[in-house]
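>>> Sequence and predicted structure below; questions after.
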Amino acid sequence: MMTTAISVKDLSKQYKIGAAETKFRYNMLRDVLMDTFYAPVRIAKAMIGKSDRRSNQNFVWALKDVSFDLEEGKVLGIVGRNGAGKSTLLKILSRVTEPTAGTVSVRGRVGSLLEVGTGFHPELTGRENIYMNGAILGMRRAEIDSKFDEIVDFSEVTQFIDTPVKRYSSGMYLRLAFAVAAHLEPEILVVDEVLAVGDAEFQKKCLGKMGDVAQQGRTVLFVSHNMSAILRLTQEAIVLNKGQMLMRGPTQEAVDFYLSSGQMQAGERVWDADEIPAASQPFRPINLKVKNRSGKVVDTVRSTEPLTVEFEYQLDAPVTGLRIGFYLSTMRGEYVLTSFDTDAPDLFEKFDSRKAGRYISRAEIPPDIFNEGRYSIGVNASSFGVRRYFMDENAIAFNVDISGAPGTQWPEPRVGPVRPRLEWKIEKLD
Amino acid sequence: MTELTKHEPTTIYIKPSKGLAALNLRDLWIYRELVFFMVWRDVKVKYKQTLLGMAWAVIQPVMTMLVFTFLFGKVAKLPTDGIPYPVFSFTALLPWGLFITALNQGSRSLVAHNNMVTKIYFPRLILPMASVFAGLVDFAIAFVILIGLMFYYQVTPAWDVLWTLPLFFLLAIVTALGVALWLSAINVKYRDVNQALPFLTQFWLFATPVAYSSSVISEKWQILYSLNPMAGVVNGFRWALLGSGNGPDITLWVSATISVLILVSGLFYFRSMEKTFADTI
């Protein structure tokens, strides 16, 4: 018989919005004192039916009536775009924050890879930090003692274990921190975007550990924007949107639903007047969009489909020899490619003048170029050898989903930012 | 797996807490080792990368005592009930130092550990508690110095009432913890606390009989004066150690009652704010 590990019922969490406004209004004791002073007036107003400022305050539901059960030993993926409530859900499950309504029952200890290195103190040695961090994560001293050697082995920092961690390289630091978290052996593991930190090898280790944990029959909740990781590691997933659970189903179905339901309306960057330096005149950027094959503005593109990058801008005066450039790089900062809208041979050295007016420079990037991950686009507007008008090195970022790309049937991540479809021939020579 | 993790997992129920949340002392007990580790870390780290190291725990109170001795003992010639001024003021500086550490470290404890607060569950009470207990090491060192001073000035301890010292020590902890709870919880939402602290500590020092004897306060103001819980603590220390003053009278009871009230109300205020710490910090 299966036991339920997590049971979530009508879970809701409300946050106050207009943070900036409320901050200015309530962050000073003086305002509270004033507020207290005026309280009788407010109550009187409320009693005679006049509206009260508090009731006008805006609230947003980060989660609204979410319910699901998860059986012990299952791995559940959670997908949804930024602000969908994924992190809020995990925070409630790990008791960092309280729900506004609803209940959760959790069977066993909840651990997360999100808390890697929390409570590490730079002045303490590796050994001391293991004990400190273990205690913070809820481990008993005896438990840490018994796992100490294992943790040190796993972290590969054995010879520096009595050195203050401030002398560690960032890689060593991360490995040690991860080693402690990985040996917590919680009954329930929640993983939030681990793929965002660390180098490729470290990420592999994280995912490997997650796989191990699932194999040992423990329950895992996995949140990621990386659809291929979700597909690889989970059998079942739920889709969240604006705090509500839209569906739950086999991962493939949930991911397809998510990618096709037009939920990923990010993918557009708009420049406000105050973001444009005065020196860029007469050039004025307006917006930059990433579109998928069907022309929809998207945050995640499939690597097996072409994508279009559109840059809209205004010229307040004619500009001679203008060229618009796109720089694509990985989130780790390695450049993948550079391309200009004047790359066509017939435009070379023609130094045409573009008249004042509104333009779009549009580039189509063919399919089967990117590997999975998140990429950044920088834009640049210049006249070669004359002047650079405008530059934004991180104008927009998008995700690449590689489901169906060459080699995805092999359950291993591939290194390198590109994942082209190559013509392979296998010849027998004898 | 070790036997520790083999036990049947307990089920935790998460739901919005209503009204005055229960104190949840059970969780505090489960996490008792964390209090120890936090104190151990604070003590260990406090004097790291300092030239003088632990000597600071000696220098700080001794310097304060010397300044007080010069200003109030030699220049102002304040009455000390016949006790050499250095011993008189140092006895008061013991609980005062403990209180000040709790006030400063405790009120910042939640904000300083915001990465822990926003990422992990643990009873938040641990943070201000650990700050208060970390001050005990400095207290112990200062206590040894006091014994030395008493030998040097040949001051005989009040043997007959010395046994009450642990009670006053407890009262000092209660006061320090209560104030730390209030200020740390307020500090999460209103950083005004950081701004107010230097002023508050200075003001509080003048309102406490550290540099002077509370006998200089006229009779009719004594009750009002004892509303400052630290007045009771400091007078108690002087009485238990040196036999100075009247001993436990109505003013002490007023002070002690205020101390307990601050702690109890602090615990409930802290608990009621705790649920939103991660959202507002």
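Noted; the coordinates are in hand. Numbers count the residues shown, from 1 in each chain, chains lettered A, B, ... in the order given.

>>> Skipping adjacent residues, who's closest to B:F88 in space?
B:T80 (4.2 Å; CB to CB, 6 or more residues apart in numbering or on different chains). Glycine gets a C-beta too; all of them are placed from N, C-alpha and C.

>>> and the one you found, what does it touch?
By CB atoms under 8 Å, 6 or more residues apart in numbering or on different chains, the contact list for B:T80 reads B:73, B:88, B:213, B:244.

>>> A:E71 against A:A5, yeah?
Yes. With contact defined as CB atoms under 8 Å, A:E71 reaches A:A5; the gap is 6.3 Å.

>>> hmm, back to that, of the contacts of B:T80, which belong to strands?
Per DSSP state E, strands hold no members of the contacts of B:T80.

>>> hmm, back to that, list phi and psi for the residue nearest to B:F88.
phi -130, psi 20 (degrees, to the nearest 10).

>>> hmm, back to that, compare the contacts of B:T80 and tell me which is most surrounded.
B:F88 (28 neighbours; other CB atoms under 10 Å in any protein chain shown).

>>> By mean pLDDT, flag the weakest helix or strand of chain A.
helix A:19-26 (a mean of 43; mean pLDDT, DSSP states H and E).

>>> still on that earlier bit, go through the contacts of B:T80 and name the one nearest B:I141.
B:F88 (19.7 Å; CB to CB).

>>> For that closest one, give me its contacts.
B:F88 neighbours (CB under 8 Å, 6+ apart): B:73, B:80-81, B:213, B:238, B:242, B:244.

>>> hmm, try it at 10 Å
B:65, B:68-69, B:72-73, B:78-82, B:153, B:155, B:210-213, B:238, B:242, B:244 (CB atoms under 10 Å, 6 or more residues apart in numbering or on different chains).

>>> Quick check: mean pLDDT of stretch B:156-170?
Averaging pLDDT along stretch B:156-170 gives 90.

>>> List the buried residues for that stretch?
B:158, B:161, B:164-165, B:168-169 (16 or more other CB atoms under 10 Å in any protein chain shown).

>>> distance of the residue of the stretch 101-250 of chain B found nearest chain A from B:S213?
The minimum distance from the stretch 101-250 of chain B to chain A, using CB to the nearest CB, falls at B:Y121 (3.6 Å). Applying CB to CB, to the nearest Å, the value for B:Y121 to B:S213 is 48 Å.

>>> Return the distance of A:A254 relative to A:L189.
Taken as CB to CB, the span from A:A254 to A:L189 is 20 Å.

>>> does A:K91 count as helix, strand or coil?
At A:K91 the chain is in helix, as set by DSSP: H, G, I helix; E, B strand; the rest coil.

>>> since we're on it, how many residues are nearby?
Counted with other CB under 10 Å, A:K91 comes out at 25.

>>> isn't it right next to B:V117, touching?
No. A:K91 is beyond contact range of B:V117, at 11.4 Å (criterion: CB atoms under 10 Å).

>>> Pull up the overlap in contacts between those two.
A:97, B:278.

>>> More neighbours: A:E71 and A:A5, which one.
A:A5 (25 against 14).

>>> secondary structure element for that one?
strand A:4-16 (DSSP states H and E).

>>> Could I have the buried ones of the contacts of B:F88 as ChimeraX selection syntax?
A single ChimeraX command selects the buried members of the contacts of B:F88 (16+ other CB under 10 Å):
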select /B:65,68,69,72,73,78,80,155,210,211,212,213,238,242,244
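
>>> Return the set of buried residues in the longest strand along chain A.
In chain A, with assignment by DSSP E, the single longest strand is strand A:387-401. For strand A:387-401, the neighbour count (16+ other CB under 10 Å) marks A:389-392, A:395-401 as buried.

>>> For these, give me TSV that also has distance to chain B and pLDDT.
Shown next, in TSV, are the buried residues of strand A:387-401 (distance: CB to the nearest CB, whole Å; pLDDT from 0 to 100):
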residue	distance to chain B	pLDDT
A:Y389	41	90
A:F390	37	90
A:M391	34	85
A:D392	31	80
A:A395	30	80
A:I396	28	82
A:A397	24	79
A:F398	28	87
A:N399	24	87
A:V400	29	90
A:D401	28	89
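
>>> need the residues of the stretch 151-281 of chain B near chain A, please.
B:186, B:189-193, B:195-196, B:274-280 (CB under 10 Å from any CB of the partner chain).

>>> Return the members of those residues classed as buried.
B:186, B:189-190, B:193, B:196, B:274-275, B:277-279.

>>> Any chance of these in TSV with secondary structure, pLDDT and distance to A:W271 as columns?
Supplementary listing: these in TSV, determined by DSSP: H, G, I helix; E, B strand; the rest coil; pLDDT from 0 to 100; distance: CB to CB, whole Å:
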residue	secondary structure	pLDDT	distance to A:W271
B:I186	helix	92	41
B:K189	helix	86	35
B:Y190	coil	86	36
B:V193	helix	88	40
B:A196	helix	90	42
B:E274	helix	84	42
B:K275	coil	80	40
B:F277	helix	84	37
B:A278	helix	81	34
B:D279	helix	81	32
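
>>> can you redo the buried residues of stretch B:156-170 as JSON lines with secondary structure?
Output for the buried residues of stretch B:156-170, formatted as JSON lines (three-state DSSP):
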{"residue": "B:A158", "secondary structure": "coil"}
{"residue": "B:V161", "secondary structure": "helix"}
{"residue": "B:T164", "secondary structure": "helix"}
{"residue": "B:L165", "secondary structure": "helix"}
{"residue": "B:F168", "secondary structure": "helix"}
{"residue": "B:F169", "secondary structure": "helix"}
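
>>> now, among these, which is nearest to B:E33?
Using CB to CB, those come closest to B:E33 at B:F169, 23.8 Å.

>>> how about A:T88, secondary structure?
Going by three-state DSSP: A:T88 is helix.

>>> At which residues are the strands of chain B located?
So, for chain B - with DSSP E - the strands run B:11-14.

>>> rewinding a little: please report phi then psi for the residue of the stretch 101-250 of chain B closest to chain A.
Dihedral angles (degrees, to the nearest 10) for B:Y121: phi -90, psi 130.

>>> which residues touch it?
B:Y121 neighbours (CB under 10 Å, 6+ apart): A:91, A:93-97, A:110, A:112, A:115, A:137-138, B:12, B:14, B:27, B:31, B:278.

>>> and the residue of the stretch 201-350 of chain A nearest chain B?
Nearest to chain B in the stretch 201-350 of chain A, going by CB to the nearest CB, is A:Q216, at a distance of 9.1 Å.

>>> Any idea how many residues pack against that residue?
10.

>>> Give me the distance between the spatially closest residue to the residue of the stretch 101-250 of chain B closest to chain A that is not a sequence neighbour and A:S383.
Spatially, and ignoring its direct neighbours in sequence, B:Y121 is nearest to A:R95 (3.6 Å; CB to CB, 6+ apart). For A:R95, the distance to A:S383 equals 58 Å [CB to CB].

>>> My read is that A:G73 contacts A:T3, right?
Yes. Counting by CB under 10 Å, A:T3 is a contact partner of A:G73 at 9.0 Å.

>>> Please enumerate the shared neighbours of the two.
The contact lists of A:G73 and A:T3 share A:T219, where a contact means CB under 10 Å, 6+ apart.

>>> show me what contacts B:L183?
B:102-104, B:106-110, B:128, B:193-194, B:196-197, B:200, B:266.

>>> And these, which two are furthest apart?
Those two in these that are separated most widely, counting by CB to CB, are B:N194 and B:G266, at 18.4 Å.

>>> Those two - which one has more neighbours?
In this view B:N194 and B:G266 are compared by other CB under 10 Å, and B:G266 has more residues nearby, 21 against 13.

>>> Name the nearest residue to that one, ignoring sequence neighbours.
B:G266's closest residue in space is B:L181 (CB to CB, 6+ apart), at 3.4 Å.

>>> hmm, who's touching the host helix or strand of A:A363?
Here A:A363 sits within strand A:357-365, counting by DSSP H and E. When contacts are defined by CB under 10 Å, 6+ apart, strand A:357-365 is touched by residues A:284, A:286-291, A:293, A:301, A:305-316, A:318, A:322-326, A:328, A:337, A:339-343, A:377, A:379, A:381.
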